[in-house]
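**Student:** Fold the following and give me the result.
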Amino acid sequence: MKISRIDLFHVAVPLPAPFFPSWIPGFRAVENRFDLVRLESSDGVVGWGAAPSMGAEREGWGQFLGSYFLGERADDLANIRQRIREMGYLGHRGGGFIEPACWDMVGKARNKPVYELLGGTGGTVKLYASTGEVKSGAERVDEVNRRIAEGFEAVKLRVHDDTLAQDLAQIRETRKGCPDVVLGVDANQGWRVAAIAECARWDYDRALAFCKEAEQLGFSWVEEPLPQDDYEGLARLNAATGITIAGGELNNQGLPEFRHMVAKGCYDWYQPDAIMVGGIAETWAIVKAVLDGGAAYSPHTWTNGIGFAVNLQIFAATQGRDKKYLEYPFNPPGWLPEGRDGLLMEPWDHTDGKLELPTRPGLGFEIDESALRRYGRRWYTATKVRVALSTVLDRGLGEAKKLGAIRDARLQARSEELDQAGGDCFLDPLQELCSSS
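**Tutor:** Residues are numbered from 1 along each chain as shown. The predicted structure is shown next:
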């Protein structure tokens, strides 16, 4: 299971129609853009991971990934996590999308879906239809009724207008037109983006007024009504309202911060996205801390088909999954499975608002290689020979030999350490991490 090759791609899958994400006011998306990593082991096992991107912002990662991960064992979970942390120390943060590729490899090698590695079982999960655009109340009523006709039981709206009155008008009209539907609403205030168009910045009073009105209207939850790091304000708001407050989806980083939020009571429902918060192992420990703290868990999944697969696997293994809905990003005509899951052989299609869990080993999908050639651009490949040559050109033959010898000695020592320790070097560290949560 030693990693022998790494490929990085920029992918841009065309959307069937323009999409206007509520979280970036003024932005017109015509593609689903993300960075894709492909890891291959010395015995031919391949693992995939992906993270959203706006352009070529990760192109400096190549040399780090090659020198940090080549020769490492994909099933040495503690070591993989340490390499990702080291990348962050040196300025290349957000490597959580690399670690799931190792889970994909291990699952394939052990012939198990990732949710089984985590102790879960197959079956189905319930979905809620997650909209992505701000609309008028009348448009929203029509949209919600379409989703209900398709078999969904629950729908999440988006509010992001200039005034509280506009936001309230939308949810009032939607509730009036859809009196018996399970409704949630996302304010997208956790990580406000105003790089293109100005947008409202909620304070505590506006958040409180909105949450109280949503509660009065019978909404089931409100997401991210305040900035993600306003721990005091979130805890105060949560205590002052009876409606479920949700958040913590993608920019709250790692187990220590989530422990802090759980202890303060910031949310009733935590939504860590494994692609964003540090990988599958980190998220699994967060889930344990959240559930042990008496809160609920169901993840954020608005990335791409691969990111959806990663979070689906974790959710599928979670105790009490039958009592929660999983987010299903769906916003016709712009955001449909053909754009969201454009690299997958089989998109994540629902049946009557439910999704049958995949039985394939690993993350449960197959990459459509022809689609990857069509929509992807490979911008980095690392093999032992390529990295060695790059080091020679950069530092000279003598220095390259010294660095290579030091690294080879570390890898050999680590391999011997694992052999002597016995046990499961993949799942044992996960158990240790969860015990610390």
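**Student:** contacts and neighbour counts: CA atoms only from here.
**Tutor:** Fine.
**Student:** Ser42 and Ile3, how far apart?
**Tutor:** 6 Å (C-alpha to C-alpha, to the nearest Å).
**Student:** Check Leu336 too.
**Tutor:** 34 Å.
**Student:** Any idea how far the lengthiest strand in the chain is from the middle of the chain?
**Tutor:** The residue-count maximum for a strand in the chain (DSSP state E) belongs to strand 3-19. Strand 3-19 has its C-alpha centroid displaced from the chain centroid by 15 Å (C-alpha atoms, centre = their mean, to the nearest Å).
**Student:** for Arg407, helix, strand, or coil?
**Tutor:** helix (DSSP: H, G, I helix; E, B strand; the rest coil).
**Student:** Can you give the domain ranges for this protein?
**Tutor:** 3-112+368-431, 116-356 (automatic domain parsing).
**Student:** pLDDT weak spots in the protein?
**Tutor:** Scanning the chain for pLDDT under 70 picks out the ranges 437.
**Student:** Run through the strands of it in chain order.
**Tutor:** Using DSSP E, the strands of the chain run over 3-19, 29-41, 46-52, 124-130, 154-158, 182-186, 221-223, 244-247, 269-270, 296-297, 326-329, 354-356, 376-382.
**Student:** In CSV: those, plus mean neighbour count.
**Tutor:** Listed next are the strands of the chain as CSV, based on neighbours: other C-alpha atoms under 10 Å:
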stretch, mean neighbour count
strand 3-19, 21
strand 29-41, 21
strand 46-52, 24
strand 124-130, 22
strand 154-158, 23
strand 182-186, 23
strand 221-223, 24
strand 244-247, 24
strand 269-270, 24
strand 296-297, 23
strand 326-329, 25
strand 354-356, 17
strand 376-382, 17
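**Student:** of all these, which lies closest to Gly137?
**Tutor:** Closest of these to Gly137 is strand 154-158, at 10.2 Å (criterion: C-alpha to C-alpha).
**Student:** Could you list every helix and strand in contact with the closest one?
**Tutor:** strand 124-130, helix 137-149, strand 182-186 (3 or more C-alpha pairs under 8 Å, 6 or more residues apart in numbering; DSSP states H and E).
**Student:** out of these, which comes closest to Pro429?
**Tutor:** From those, taking C-alpha to C-alpha, the stretch that ends up closest is strand 124-130, at 27.9 Å.
**Student:** any residues touching that closest one, and which ones?
**Tutor:** The contact list for strand 124-130 (C-alpha atoms under 8 Å, 6 or more residues apart in numbering) reads 147, 152-157, 316, 321-322, 324-331, 353-357.
**Student:** and that strand, C-alpha only, in CSV?
**Tutor:** Taking C-alpha atoms only, strand 124-130 is exported to CSV below (Å, rounded to 0.1, in the frame of the first residue of the first chain):
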residue,chain,number,x,y,z
THR,A,124,-30.7,3.7,2.5
VAL,A,125,-30.4,7.2,3.8
LYS,A,126,-33.1,9.9,3.8
LEU,A,127,-32.3,13.2,1.9
TYR,A,128,-33.4,16.8,2.1
ALA,A,129,-33.4,18.8,-1.0
SER,A,130,-30.9,21.6,-0.6
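**Student:** Check the offset of it from the chain's centre.
**Tutor:** 16 Å.
**Student:** Then stretch 123-134?
**Tutor:** That offset, for stretch 123-134, works out to 15 Å (C-alpha atoms, centre = their mean).
**Student:** And stretch 328-344, by the same measure?
**Tutor:** 16 Å.
**Student:** which residues sit against that stretch?
**Tutor:** 13-19, 31-32, 127-133, 301-306, 347-349, 365-369, 371-372.
**Student:** Let's see the distance spanning it from one end to the other.
**Tutor:** End-to-end distance of stretch 328-344 (C-alpha to C-alpha): 16 Å.
**Student:** hmm, back to that, of the helices and strands packed on strand 154-158, which approaches Arg172 most closely?
**Tutor:** Between the helices and strands packed on strand 154-158, helix 137-149 lies closest to Arg172; by C-alpha to C-alpha that is 7.6 Å.
**Student:** and the angle from the closest one to strand 154-158?
**Tutor:** Put simply, helix 137-149 runs at 150 degrees to strand 154-158, going by axes from the mean of the first three to the mean of the last three C-alpha atoms, to 10 degrees.
**Student:** Only C-alpha atoms, please: export the longest strand of the chain in PDB.
**Tutor:** Extracted C-alpha coordinates of strand 3-19, given in PDB (Å, rounded to 0.1, in the frame of the first residue of the first chain):
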ATOM      1  CA  ILE A   3       2.000   5.500  -2.500                       C
ATOM      2  CA  SER A   4       3.900   5.300  -5.800                       C
ATOM      3  CA  ARG A   5       2.300   8.000  -7.900                       C
ATOM      4  CA  ILE A   6       0.300  11.200  -7.400                       C
ATOM      5  CA  ASP A   7      -1.600  13.100 -10.000                       C
ATOM      6  CA  LEU A   8      -3.300  16.400  -9.600                       C
ATOM      7  CA  PHE A   9      -6.000  17.800 -11.900                       C
ATOM      8  CA  HIS A  10      -8.000  21.000 -12.300                       C
ATOM      9  CA  VAL A  11     -11.600  20.000 -13.300                       C
ATOM     10  CA  ALA A  12     -14.300  22.200 -14.800                       C
ATOM     11  CA  VAL A  13     -17.500  20.400 -15.500                       C
ATOM     12  CA  PRO A  14     -20.000  22.600 -17.500                       C
ATOM     13  CA  LEU A  15     -23.300  23.200 -15.800                       C
ATOM     14  CA  PRO A  16     -26.500  22.700 -17.800                       C
ATOM     15  CA  ALA A  17     -27.600  26.300 -17.000                       C
ATOM     16  CA  PRO A  18     -26.100  29.300 -15.100                       C
ATOM     17  CA  PHE A  19     -26.200  28.900 -11.300                       C
END
